[in-house]
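>>> starting from these lines, generate the structure:
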Amino acid sequence: MLSWLLGAASGFARPKIDYHALAPEIILSVGICVVLIVDLFISESKKWLTATIAGVVLIASVIPIVTLAVIGDNTRSLFDGRYVVDEFSLIMKAMFLIIGYVVVLLSTNEIEEGGYYQGEYYVLLLSGVLGMVMMTSARDLVSVFVAFEFLSIPTYMLAAWRKRDTKSNEAGVKYFLLGAFASALMLYGMSLLYGVAHSTKLSDIGAAITVKGKLSGVEALAIVFIVAAFGFKVSAVPFHSWAPDTYQGAPTPVTAFLSVGSKAGGFVALVSMVYLAFPLAKDIWQPLMFVLATLTMTVGNVMALKQTNIVRMLAYSSISQGGFILMPFVVAGTKASETSLKTIVAYLLVYATTNLGAFAVVIAVTRKTRSGEISALGGMLTYAPGLTALMTLFFASLAGIPPFGGWFAKVSAFRAVLEAGTGYGYAIAVIGAVNTVIAFGYYGNIMREMWMKPAPDGDNSRVEVPPSIIAALGITGAGTLLLGILPHLVLRFGDLNDLVHTGALGK
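A predicted model of the protein is given here:
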């Protein structure tokens, strides 16, 4: 009996773990524990250390990503292909870590001066970043769901961080309730996929989901549920109702994190599902993506025109930008599949740097004006010429004006949909062109307010900008300029043939 047990035990294969590939996740996990422990044992006067530790952890997590990229291994597959580190995941991991670092810079003075609990804030922020990093490598329904919840649950609490502010409480509750509903939709859709494919692995599901045969209705329902769930995360219309109130009620650094990091995490998950889980079912998701892209960019732009609050305007701007990012998804199942994936990656990189920069300027200016109204930006050219120039740069980029990063992102999106040569592609290109013109209306209005209008209260005293926000503005401003002047850098990042050819979209 003993010999049989020993023989049986020796027959079990021990999973091979690539610690180098998992190093970013490991560093983040250890960093979360360190921040939590340090916060428990240091005095209130030294709580600022938690922000420093969080920043160091995020920068340290980038190091193994660089070494993995330099080594040049095409793909590192772990746990029977359920967790994959490839070029796509590496560039997305780096982007999420840099987003987290910039948000830490934006949060430092805001959290300290607001008197909020600092340690818990940075624990939740790092946990959300860990969920994003995990999402980039998830190639299994279970790991996708775990990463999705790891990203979502901390952001629910961050949205309600101002515990004595009714708007912040409303933002957190609304975000949580709608987020829980979206998670339920996603889980139900995933259960249907598992029931049809008898596997949780995305590549196995991709081979089984063809929307043909007696289970075609079940497969179509599963796809609709999953797209709707991730549509909530990227605040696509009509799943966007949480975004404006949540963005306005949450602390501004949290709003920046939600508008960039959380949204990008949803798009990364959507890429994995479309390219790997149901590439053969484009007859279902392609018209769905067309409708979502059209509604999202149009409704976001029209509603942004009506806003008088800068954060609320940026919320609807963020919704509209999500519609432009959805444009390449419309042609993902065509001969332009590879171009569309490159465009999605490029747009996410440009959008992240530009939108974070805009929020950094808002944080810096509202320290003086104590108002979120667009009219309060009057006179900025007089008392803050540097911030005025940077805000003009960021809004010009969001509007797609050369030579800033946004123009390249939008041109790439139009090139992808036109390259497909389909009716959907031509139609979404026309709709996108009209919306690009509409978007300049509200971006131009803010530029006019800053450059031409006087300060509403007559106060032209200089704005005191903390060093951390100056650093954040330096990173985002340089990124916006660099990605516009040297777009080939982004194109290199978008060389993601492995992900395309893993599914059926590249065939």
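>>> please spell out the segments of this structure that come in under the pLDDT threshold.
With pLDDT under 70 as the threshold, the chain has low-confidence stretches at 1-15, 72-74, 112-117, 336, 489-507.
>>> if I look at Arg76, how far off is Pro64?
Distance, Arg76 to Pro64, using Cβ to Cβ, to the nearest Å: 12 Å. Using the backbone N, CA and C atoms, a C-beta is placed for each residue, glycine as well.
>>> quick check: neighbours shared by the two?
His20 (Cβ atoms under 8 Å, 6 or more residues apart in numbering).
>>> name the residue in the two with the higher neighbour count.
Pro64 (21 against 18; other Cβ atoms under 10 Å).
>>> what residues does the more buried one make contact with?
Each residue near Pro64 by Cβ under 8 Å, 6+ apart is listed here: His20, Ala23, Pro24, Ile27.
>>> distance of it from Tyr19?
Here the distance between Pro64 and Tyr19 works out to 9 Å (Cβ to Cβ).
>>> which residues touch Ala243?
Taking Cβ under 8 Å, 6+ apart as the definition of contact, the neighbours of Ala243 are Ser235, Ala315, Ser318, Ile319.
>>> farthest pair in those?
Ser235 and Ala315 (8.2 Å; Cβ to Cβ).
>>> Leu185 and Ala228 touch, don't they?
Yes: applying Cβ atoms under 8 Å, one finds Leu185 in contact with Ala228, separated by 5.6 Å.
>>> list the residues that contact Pro287.
With contacts defined as Cβ under 8 Å, 6+ apart, the neighbours of Pro287 are Tyr424.
>>> what about it, helix or strand, and which?
Counting by DSSP states H and E, the element that carries Pro287 is helix 282-305.
>>> and the helix or strand that that helix is followed by, what other elements does it pack with?
Next helix or strand after helix 282-305 toward the C-terminus (DSSP H and E): helix 310-330. Where contact means 3 or more Cβ pairs under 8 Å, 6 or more residues apart in numbering; DSSP states H and E, helix 310-330 is packed against helix 242-249, helix 252-257, helix 263-272, helix 282-305, helix 337-369, helix 405-420, helix 423-452.
>>> quick check: which of the ones you listed is nearest to Ile470?
Each of those has some distance to Ile470 by Cβ to Cβ; the shortest is helix 337-369, at 8.5 Å.
>>> for the residue lying closest to Trp161 once chain neighbours are set aside, grab phi and psi.
Taking Cβ to Cβ, 6 or more residues apart in numbering, and ignoring the residues beside it in sequence, Trp161 has Pro251 as its nearest neighbour in space, at 5.4 Å. With angles defined as degrees, to the nearest 10, Pro251 shows backbone torsions of phi -60, psi 140.
>>> how deep is Pro251 tucked in, by neighbour count?
24.
>>> for Thr353, see how far away it is.
Summarising the geometry, the distance separating Pro251 from Thr353, computed by Cβ to Cβ, is 21 Å.
>>> just confirm His134 contacts Phe150, I think it does.
One correction, residue 134 is Met, not His. Yes: counting by Cβ under 8 Å, Met134 does reach Phe150; the two are 6.2 Å apart.
>>> would a markdown table of the helices and strands packed on helix 310-330 with distance to Ser107 be doable?
Shown next, in a markdown table, are those (distance: least, Cβ to Cβ, whole Å):
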| stretch | distance to Ser107 |
| --- | --- |
| helix 242-249 | 16 |
| helix 252-257 | 4 |
| helix 263-272 | 18 |
| helix 282-305 | 25 |
| helix 337-369 | 9 |
| helix 405-420 | 24 |
| helix 423-452 | 24 |
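>>> can you say which of these is nearest to Val103?
For those, the distance to Val103 is smallest for helix 252-257, at 4.7 Å, taking Cβ to Cβ.
>>> and the closest one, what's buried?
For helix 252-257, the buried set under the neighbour-count rule, 16 or more other Cβ atoms under 10 Å, comprises Thr252, Pro253, Val254, Thr255, Ala256, Phe257.
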